[in-house]
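Chemist: Sequence first, predicted model second:
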Amino acid sequence: SDIFYPSWFGGVWKVNSVTTDVEAPCGLSLFGGNATYQAALKEIGPENALKYESRFVQDKDGQVIADREFNVKSIVKVAMGPNSVVDVPLATPNKFCCLLSPAGSPSMMTADLIVLARRQEKVDDRKFDCSEVVRQIISPVGKTPGAPKRSSLLKEIETTSLYTSISPTEVSCRQRSATFLLPSQDDPMAYKAWEYARGRPIDVRFYDVTYTKK
């Protein structure tokens, strides 16, 4: 299965994503520390908007779906550098895998995105809501000489998007992204952090996203 978008979503869009708020429901420690939180706050505002392209295509049954490989590559290249996506060995509706080499990073990493749940609702002819829960597994590739072994980083991310068709060439979206910890059997500190969170998100961000048709 997949998220099936309204017909007016088909095509290629210029996307302008503005962070409007950042919350740390479990405190700054679980968010990643004060420095990480302050860096996230600096992303708020239109002057720090993330600009990329997004594409929606028809599947074999004529239903409009997101071109996941195109869209992920587009976002990652803007966020991590133009040469950050090394390879995409798998891109399906329920699992996406890629090899990344972020600009400025000494090593590469693999990112596995596994969809656990999704919902969608056509509110009316102009409004469409959807959400996805994705398990994100980030694993280091290789080992830097002299550096301690790094374990994989596991999180679950719930993204909820409320879309409104403004015109045939413009769509607005109010988006919420919530990050949850997962228990780790290999890292006692990570397990304690998961226990402390008690199912609450550790990182919640809100965005105003505008799609303009190319």
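Modeler: Received it, and whenever you're ready, just let me know what you need.

Chemist: how near is the residue lying closest to Pro183 once chain neighbours are set aside to Pro25?
Modeler: Among residues not flanking Pro183 along the chain, Trp194 sits closest, at 4.6 Å (C-beta to C-beta, 6 or more residues apart in numbering). C-beta coordinates here come from the backbone N, C-alpha and C atoms, glycine included. Relative to Pro25, Trp194 is positioned 14 Å away (criterion: C-beta to C-beta, to the nearest Å).

Chemist: more crowded one of those two?
Modeler: Trp194 (19 against 13; other C-beta atoms under 10 Å).

Chemist: residues in contact with that one?
Modeler: With contact taken as C-beta atoms under 8 Å, 6 or more residues apart in numbering, Trp194 is in contact with Leu181, Leu182, Pro183, Ser184.

Chemist: Look at the closest residue to Met80 other than its chain neighbours and give its secondary structure.
Modeler: Counting by C-beta to C-beta, 6+ apart, Pro102 is the residue found nearest to Met80 once chain neighbours are left out, at 4.1 Å. Here Pro102 is recorded as coil under DSSP: H, G, I helix; E, B strand; the rest coil.

Chemist: Also Tyr37?
Modeler: Tyr37 - assigned by three-state DSSP - is helix.

Chemist: can you count the residues close to it?
Modeler: Counted with other C-beta under 10 Å, Tyr37 comes out at 18.

Chemist: Surely it and Ala24 touch.
Modeler: Yes. Counting by C-beta atoms under 8 Å, Tyr37 does reach Ala24; the two are 5.9 Å apart.

Chemist: For my notes, confirm the residue nearest to Pro183 occurs in a helix.
Modeler: Yes. Using three-state DSSP, the assignment for Trp194 is a helix.

Chemist: What score does it have for pLDDT?
Modeler: Note on Trp194: pLDDT of 90.

Chemist: do the same with Arg198
Modeler: On pLDDT, Arg198 comes in at 89.

Chemist: Backbone torsions only: list them for it.
Modeler: phi 50, psi 40 (degrees, to the nearest 10).

Chemist: Burial check on it, number of neighbours?
Modeler: 7.

Chemist: so what does the one helix or strand Glu158 maps to touch, helix or strand wise?
Modeler: Assessed by DSSP states H and E, Glu158 sits inside strand 153-167. With contacts taken as 3 or more C-beta pairs under 8 Å, 6 or more residues apart in numbering; DSSP states H and E, strand 153-167 sits against strand 127-140, strand 170-181.

Chemist: Type out the ChimeraX command that picks the buried ones from the contacts of Trp194.
Modeler: The following ChimeraX line selects those of the contacts of Trp194 that are buried, judged by 16 or more other C-beta atoms under 10 Å:
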select :181,184
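
Chemist: Out of the contacts of Trp194, the closest to Pro93 would be?
Modeler: Leu182 (21.9 Å; C-beta to C-beta).

Chemist: How about the contacts made by the closest one?
Modeler: Counting by C-beta under 8 Å, 6+ apart, Leu182 touches Arg135, Leu154, Lys155, Glu156, Trp194.

Chemist: 10 Å instead?
Modeler: Arg135, Gln136, Ile137, Leu153, Leu154, Lys155, Glu156, Ala190, Tyr191, Trp194, Ala197 (C-beta atoms under 10 Å, 6 or more residues apart in numbering).
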